[in-house]
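Enquirer: Prediction below, plus the sequence it came from.
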Amino acid sequence: ETGVTQSPTHLIKTRGQQVTLRCSSQSGHNTVSWYQQALGQGPQFIFQYYREEENGRGNFPPRFSGLQFPNYSSELNVNALELDDSALYLCASSLWGGETQYFGPGTRLLVL
Amino acid sequence: AQSVTQLGSHVSVSEGALVLLRCNYSSSVPPYLFWYVQYPNQGLQLLLKYTTGATLVKGINGFEAEFKKSETSFHLTKPSAHMSDAAEYFCAVGSGGGADGLTFGKGTHLIIQP
């Protein structure tokens, strides 16, 4: 059974740029959620994707967007990067309706 | 709305001593409760979860937690700490189904003294 994988592991961008992060869900899981974890904080829910549509969103602006593909993998896109976007971005997969989420290793984004 | 409060940003115990990490939650619906562990530069690993049924939940690595509805608590314990337990621990609450995501506490850094 393959766990959740994310790419890249690290990324450095400058303010105003755009970034795309990628996630492959655990085998058999059809739902993907994204979280932002700032340094020294707990993860914060960004949004969730199921059947290639966003079906839940946390308190994040529209410049945070995503996609889910037919194979259940997902992308997180962030436009107009700000310094405060520097964080660890975590992807989690689950079964639709299931309560347990399984996390990937994360992508660490640094915005300069 | 849901929220989680973890008391103590840092907890230090001696190797072999009892570990107690505190978590209190607020939820308007019956909660699903989780403890995750995060080792340096890694993602989150599920330690244990409470959904329904037995209120004392056993997890991996000798950890357990007890759901106390009257106290809105879900404290994590381990009878005897090991050096490898040093990590960041997060308590989280969900509503089942997951469309609102999990709400996490700020985490507790567990330090093990030799």
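Expert: Yes, it's here.

Enquirer: Bridge partners for B:Cys19, pull those for me.
Expert: Actually, residue B:19 is Val. It isn't Cys. B:Val19 has the following beta-bridge partners by DSSP bridges: B:Lys78.

Enquirer: swap that for A:Leu90, please
Expert: So, taking DSSP bridges as the rule, A:Leu90 has A:Tyr35 as bridge partners.

Enquirer: which residues touch it?
Expert: Listed by CB atoms under 8 Å, 6 or more residues apart in numbering or on different chains, the contact set of A:Leu90 reads A:Gln6, A:Trp34, A:Tyr35, A:Gln36, A:Gln37, A:Pro43, A:Phe103, A:Gly104, A:Gly106, B:Gly43, B:Leu44. Bear in mind the C-beta positions are built from the backbone N, C-alpha and C, glycine included.

Enquirer: Spell out which helix or strand contains the first one, please.
Expert: Counting by DSSP states H and E, the secondary-structure element that holds A:Gln6 is strand A:5-7.

Enquirer: ok, that strand: who's next to it in the sheet?
Expert: Partners of strand A:5-7, by DSSP bridges, with direction: strand A:19-24 (antiparallel).

Enquirer: For the strand it pairs with, which residues meet the burial criterion?
Expert: For strand A:19-24, the neighbour count (16 or more other CB atoms under 10 Å in any protein chain shown) marks A:Val19, A:Leu21, A:Arg22, A:Cys23, A:Ser24 as buried.

Enquirer: OK, contacts around the nearest residue to A:Val4 once chain neighbours are set aside?
Expert: Excluding the flanking residues, the one nearest A:Val4 by CB to CB, 6 or more residues apart in numbering or on different chains is A:Gly104, at 3.6 Å. Counting by CB under 8 Å, 6+ apart, A:Gly104 touches A:Gly3, A:Val4, A:Thr5, A:Gln6, A:Cys23, A:Leu90, A:Cys91, A:Ala92, A:Ser93, B:Gly43.

Enquirer: Report the contact partners of the fourth one.
Expert: It refers to A:Gln6. A:Leu21, A:Arg22, A:Cys23, A:Ser24, A:Tyr89, A:Leu90, A:Cys91, A:Gly104, A:Pro105, A:Gly106, A:Thr107, B:Gly43.

Enquirer: Distance to B:Leu33 and pLDDT added to those residues, as CSV?
Expert: Formatted as CSV, these follow (distance: CB to CB, whole Å; pLDDT from 0 to 100):
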residue, distance to B:Leu33, pLDDT
A:Leu21, 28, 98
A:Arg22, 30, 98
A:Cys23, 25, 97
A:Ser24, 28, 96
A:Tyr89, 24, 97
A:Leu90, 19, 97
A:Cys91, 22, 97
A:Gly104, 22, 95
A:Pro105, 24, 95
A:Gly106, 23, 96
A:Thr107, 27, 97
B:Gly43, 20, 89
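
Enquirer: Cool, thanks, talk later.
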